[in-house]
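1. return a 3D structure for these sequence lines:
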Amino acid sequence: MAPLKSLLLTSLATMATASPLIADPSSLHARQFGTGITANELESGSCKEVTFIFARGSTELGNMGSVIGPPVCDQLKSKLGSDKVACQGVGGGYTAGLMQNALPQNTDPAAISAAKDMFNMANTKCPDTKIVAGGYSQGSAVIDNAVQEISSEVRDKTVGVVLFGFTRNVQDHGQIPNYPKDDVKVYCAVGDMVCDDTLVVTAMHLTYGVDAGDAASFLVSKVQAAGSSTSSSSSSDAASSSSSASSSGLGGLSSMFGGL
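-> Predicted structure coming up:
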């Protein structure tokens, strides 16, 4: 365990030196433009058409972090409208500690439970919302495991997931088990050894901000596809009801004139 601990501490040092310093984290939370390191729009706000649940990477501040969570949220709001999207970071039992990466699920049960709470809240508080989700680094394992463990009802309402620096990329074969592969997009930068079943953090692990626009476009496409599917289903149900009503009417006429 000592060599592993040493490796993790080395990775932490790498992240600390490679990440931009934040002089005043609270200013990021309070700023009036864009999304800061903390977002609680599901917990504290009104229901929106789309709910984005995000789990940050190890050692990142707030509940959204800064590398990729806030940029994806901003891009979603830009593409769909800020009044259509609620962004929610995973906090509570998810502390984003470094050592939890070495556990069998690449995170701990408390973190997975905290993420599941957010999915379940979206379903119960906002039953008509479409859920999309994302995770970075350890957060990718948090979301991966949570999506597997939520109920089928909630999983069916989760229309798209994006995973950055996916720590379970090798174990789960670039997808989320028991979840539609086409609804997941994994981002693994060339040279990011975290995606290769190691706990070695290189500078490439910190580059995912450039993928925010593409990731948001992917999630938007899944939201729109889910909307089209719902509309088609509703139209089909309406047509079926209309057809049944017509058949009933003809049946009545047939009975009326059946004795002639």
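2. partners of the helix or strand encompassing Lys185 in the sheet?
-> Lys185 is part of strand 184-187 when elements are defined by DSSP states H and E. In the sheet, strand 184-187 lines up against strand 158-164 (parallel) (DSSP bridges).
3. what does the partner strand contact?
-> Under the contact criterion C-beta atoms under 8 Å, 6 or more residues apart in numbering, strand 158-164 has outside partners 67-68, 72, 119, 130-137, 140, 143-144, 147, 150, 169, 176, 179, 183-187, 208, 211, 215, 218-219, 221-223, 225-226. C-betas here are computed from N, CA, C, even on glycine.
4. what's the average pLDDT for that strand?
-> Here strand 158-164 scores 99 as its mean pLDDT.
5. before we move on, back to that, restricted to buried residues, select the contacts of strand 158-164 in PyMOL.
-> To isolate the buried subset of the contacts of strand 158-164 in PyMOL, counting by 16 or more other C-beta atoms under 10 Å, use the following:
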select buried, resi 67+68+72+119+130+131+132+133+134+135+136+137+140+143+144+147+150+169+176+179+183+184+185+186+187+208+211+215+218+219+222+223+226
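6. mind checking which of the contacts of strand 158-164 are in helices?
-> Counting by DSSP state H, the contacts of strand 158-164 place 72, 119, 140, 143-144, 147, 215, 218-219, 221-223, 225-226 in helices.
7. quick check, nearest of these to Lys84?
-> Ranked by distance to Lys84 (C-beta to C-beta), the ones in helices among the contacts of strand 158-164 are led by Val223 at 9.2 Å.
8. quick check: closest non-adjacent residue to that closest one.
-> Using C-beta to C-beta, 6 or more residues apart in numbering and skipping the chain neighbours, the partner closest in space to Val223 is Lys130 (5.2 Å).
9. what sits against that neighbour?
-> 49-51, 157, 159, 223, 226-227.
10. let's have those in a markdown table, adding distance to Tyr94.
-> Output for the contacts of Lys130, formatted as a markdown table (distance: C-beta to C-beta, whole Å):
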| residue | distance to Tyr94 |
| --- | --- |
| Glu49 | 26 |
| Val50 | 22 |
| Thr51 | 17 |
| Lys157 | 21 |
| Val159 | 23 |
| Val223 | 25 |
| Ala226 | 26 |
| Gly227 | 30 |
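11. now the buried members of the residues you listed.
-> Members of the contacts of Lys130 classed as buried by 16+ other C-beta under 10 Å are 49-51, 157, 159, 223, 226.
12. tell me the one of those nearest Ala96?
-> Thr51 (20.9 Å).
13. Gly174 sits in which helix or strand?
-> Going by DSSP H and E, Gly174 is not part of any helix or strand.
14. cool, and Ile53?
-> strand 50-55.
15. from Pro109, how far off is the closest residue to Val190 other than its chain neighbours?
-> With C-beta to C-beta, 6+ apart as the criterion, Val190 has its nearest non-adjacent residue at 6.8 Å, and that residue is Met204. Noted for Met204: a distance of 29 Å to Pro109, by C-beta to C-beta, to the nearest Å.
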